[in-house]
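sequence and predicted model, in that order:
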Amino acid sequence: MYFCTMKKFLFVFSILYCLFSFKIFGQYIFPVDFPAGKAYLAGNVGEIRQNHFHAGIDVGIMTGTKVKASAKGYVSKITNSTSGYGKCLVITHPHLKQKTLYAHLHKFEGKIGNYLKQKQKEKKKTEIDLEISPNVIPVNMGEIIALSGNTGASAGAHLHYEIRTLDDVAIDPFMYQFKELPLDKAPPVVKKIAFYPLHINSRINNELARKEYNVIGQNGVYSVPNIINVKGAIGLEMLAWDVLQNSIHTFGISYIEMKLDQKTIYSANLRSIEHAQNRCMLVHINYEIQKKNNQAFQKCYVADGNKLKNYSHIDKGIIHLKDKKVHNLTIKMIDNWGNSSKLSLKIQDNNTSFSNQFIPDKSLTRATLQYKVIENTLMIEANYLKMKGKEAFFSFSGVNYPVKLSYQIGKKIVYLWDLRDGLPDAVEAGGVRLPLFFRKMIPPQQEFWYKSKDLMIKFPKNCLFDTLYLEARPQSHYLDLHTNFVPLFLPIEVTYFSKNVPKNAQAFAGNQLLKSIALIGGVKFNTRQLGRFFFRPDITPPLVQFIKNDGKTIFLKAIENETGLDDFKAYLNGVYLPLDFDSKTNILSAEKDSPSHVLKGNLEVFVSDIAGNQKKYYFKI
């Protein structure tokens, strides 16, 4: 009876699978022809990039390759930009209730290119973002819509291709069984794991500290050789990625599943990405480690503020052992091709309980204090204390509060404080004083204004993933605003007043200019990152040099070394002439509209930089 029922189930399942496969397969054709073989991939859905999940596939092709519409529909969006997707278009497919996106293009073809030029002339603007109504630019499946390129934030010639729902959820193109996609048998690779303490009482190998562990193994079978001691609420992180045979690139892992003693407590399916929440990738990984070491450790738990819908979990995937037994952790990873890897390790709550007894250091090494914020916990680490180390004194506006040492390991003494109970302005232990620069506890998920004599910050609703214990420290030539190890979902608005801010200053995060407004004795700027900010004026307009006119295209070079080019326009004999700007080479170019169009006469070029400096140049061509 069971065998018959099982046979019936498998038969029905196979029929449904075939129907589903038939429905998916054939809806779209691949956007690029590969008559000689398979496509070369340089990126996939779910791959971790600098500040987002990659939401499509990157197809490595030469600039100028013909790009086809994957299905019939209409062009619903055209973007011509020097950043982001560069030259990009979106085709909506009403019969499929989906849309496809084609990015980093070199040129729009036919009626699409003509429509763009018409709108550029109407608006007298080259960089443009057009929302287009249905039936204005209909396209058929297989119609040539563009030539591939390397525009925008692209590191090499390729086509970025996405399939999306109408509400902008990216769907993995691998689900559509394109015959042009390459085959692969290589499973995902695991390099390291890490455990992270999530509470003031958490411990990893007896310490409140993140700990990394090397992984051994290959060919899809990995392990950590030693038992790891954990206590309290703990999160696991994993440094892993997928590989593809005959490709130099690394790829995202489609599916991750973690089991504690055969019970699934966390899984992540990254075969679809909601664009509105894509920046939640910054808390899907350990952001601080990415900034410090350029390593993307993926969290196998759901961090606070992570609104992605890609997870299934029990208690967010947080590990919290309730006995002293040895427990098994297994993590399974599956790639786009179904290749899988398995990581096995053992954990146990076998941490040693330390007494509060202070053991003074007898060396000649100078005593030091340093601090770190871990979740809601302020950890003060003292080294080489000679005396009075049994407790530290946390200062609150001149009132000292004694805190006993939490543990001592060798020369290191640790004191812990829950920042939700107050923000100290200094700590003293063993005769050493450490000033602190906390300003305010900023709650997440709501609008909040911080105001002081020298600083005003607007935190918009949902700009923070988690509670921020704001630190601010003005210096003579810069402002330290917290650290750049805390991610922001949305930009914040900062107004800063100081006698050290130069007149007409712009704000910079490193060498990156921020959108700024110079004020009397200060500056206002927007930023999507925290950290160190510099202020300097930019009063020099961009320089434009004529290169050549070959009869088909005019070439100019724009030189802007400080804040970057913002706007550019050209007029030939008084008639607006659309310009393209290649930010990688700083080349401005203008093509003739038609065979009868003559590129001769008086050329007037207007340029401005992000700081607002502008200048006109005149050339006789």
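Right, received. Where do you want to start?

care to break this structure down by domain?
Listed domain ranges for the chain are 41-176, 189-348, 368-434, 440-537, 543-620 (source: automatic domain parsing).

will you turn these into a markdown table that also has distance to residue 32 and mean neighbour count?
For glycine as for every other residue, the C-beta is placed from the backbone atoms N, C-alpha and C. Converted to a markdown table, the domains of the chain look like this (distance: least, Cβ to Cβ, whole Å; neighbours: other Cβ atoms under 10 Å):
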| stretch | distance to residue 32 | mean neighbour count |
| --- | --- | --- |
| domain 41-176 | 6 | 19 |
| domain 189-348 | 17 | 18 |
| domain 368-434 | 47 | 17 |
| domain 440-537 | 34 | 17 |
| domain 543-620 | 22 | 16 |
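
quick one: which of the ones you listed is nearest residue 34?
Of all these, it is domain 41-176 that lies closest to residue 34, at 8.8 Å by Cβ to Cβ.

quick one: end-to-end length of the closest one, please.
Using Cα to Cα, to the nearest Å, one end of domain 41-176 lies 16 Å from the other.

ok, now stretch 47-55?
Between the opening and closing residues of stretch 47-55 we find a distance of 8 Å, counting by Cα to Cα.

also stretch 80-89?
Using Cα to Cα, the end-to-end distance of stretch 80-89 comes out at 9 Å.

also stretch 323-342?
Stretch 323-342 has its terminal residues 25 Å apart, counting by Cα to Cα.

just the mean pLDDT for that stretch, thanks.
Taken as a whole, stretch 323-342 carries a mean pLDDT of 96.

can you check stretch 578-588 too?
Averaged across stretch 578-588, the pLDDT comes to 90.

in the stretch 1-150 of the chain, where is pLDDT below threshold?
Applying pLDDT under 70 to the predicted model, the residue ranges of the stretch 1-150 of the chain that meet it are 1-26.

next: the stretch 301-450 of the chain.
For the stretch 301-450 of the chain, counting by pLDDT under 70, the residues that fall below are 353-355.

so where do the strands sit in it?
Counting by DSSP state E, counting those that start in this stretch, the stretch 301-450 of the chain forms strands over residues 311-313, 326-334, 340-348, 368-374, 377-383, 391-396, 399-404, 407-409, 412-418, 426-429, 432-435, 438-442, 448-451, given from the N-terminal end onward.

would you list these in TSV and tack on distance to residue 119?
Compiled in TSV, the strands of the stretch 301-450 of the chain are given as follows (distance: least, Cβ to Cβ, whole Å):
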stretch	distance to residue 119
strand 311-313	42
strand 326-334	45
strand 340-348	49
strand 368-374	50
strand 377-383	55
strand 391-396	60
strand 399-404	65
strand 407-409	66
strand 412-418	57
strand 426-429	60
strand 432-435	57
strand 438-442	42
strand 448-451	40
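
residue 43 versus residue 56, what's the distance?
Taking Cβ to Cβ, to the nearest Å as the criterion, residue 56 is separated from residue 43 by 8 Å.

again with residue 216
Residue 216 sits at a distance of 29 Å from residue 43 (criterion: Cβ to Cβ).

residue ranges with poor pLDDT in the stretch 501-621 of the chain?
Per-residue confidence for the stretch 501-621 of the chain (pLDDT under 70) gives no ranges below the cut-off.

quick one, strands of the stretch 151-300 of the chain?
Remark: strands assigned in the stretch 151-300 of the chain by DSSP E, counting those that start in this stretch are 158-165, 169-171, 189-197, 203-204, 211-214, 216-218, 221-223, 228-231, 234-243, 250-251, 255-260, 263-269, 272-274, 298-299.

which of the ones you listed sits closest to residue 506?
Distances from residue 506 to each of the strands of the stretch 151-300 of the chain were compared using Cβ to Cβ; the minimum, 31.6 Å, belongs to strand 158-165.

so what does that closest one touch, helix or strand wise?
In terms of contacts (3 or more Cβ pairs under 8 Å, 6 or more residues apart in numbering; DSSP states H and E), strand 158-165 is packed against strand 57-60, strand 98-108, strand 169-171.

what angle separates it from strand 98-108?
Using axes from the mean of the first three to the mean of the last three Cα atoms, to 10 degrees, the inter-axis angle of strand 158-165 relative to strand 98-108 is 150 degrees.

my read: residue 562 touches residue 542, true?
No: counting by Cβ atoms under 8 Å, no contact exists between residue 562 and residue 542, whose distance comes to 9.1 Å.

about what we covered before: I'd like the strands of the stretch 151-300 of the chain as JSON lines, with distance to residue 505 and mean pLDDT appended.
Formatted as JSON lines, the entries for the strands of the stretch 151-300 of the chain read as follows, by distance: least, Cβ to Cβ, whole Å; pLDDT from 0 to 100:
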{"stretch": "strand 158-165", "distance to residue 505": "37", "mean pLDDT": "97"}
{"stretch": "strand 169-171", "distance to residue 505": "40", "mean pLDDT": "96"}
{"stretch": "strand 189-197", "distance to residue 505": "39", "mean pLDDT": "98"}
{"stretch": "strand 203-204", "distance to residue 505": "45", "mean pLDDT": "96"}
{"stretch": "strand 211-214", "distance to residue 505": "41", "mean pLDDT": "98"}
{"stretch": "strand 216-218", "distance to residue 505": "53", "mean pLDDT": "96"}
{"stretch": "strand 221-223", "distance to residue 505": "52", "mean pLDDT": "98"}
{"stretch": "strand 228-231", "distance to residue 505": "49", "mean pLDDT": "96"}
{"stretch": "strand 234-243", "distance to residue 505": "40", "mean pLDDT": "98"}
{"stretch": "strand 250-251", "distance to residue 505": "41", "mean pLDDT": "96"}
{"stretch": "strand 255-260", "distance to residue 505": "46", "mean pLDDT": "98"}
{"stretch": "strand 263-269", "distance to residue 505": "44", "mean pLDDT": "98"}
{"stretch": "strand 272-274", "distance to residue 505": "38", "mean pLDDT": "96"}
{"stretch": "strand 298-299", "distance to residue 505": "39", "mean pLDDT": "98"}
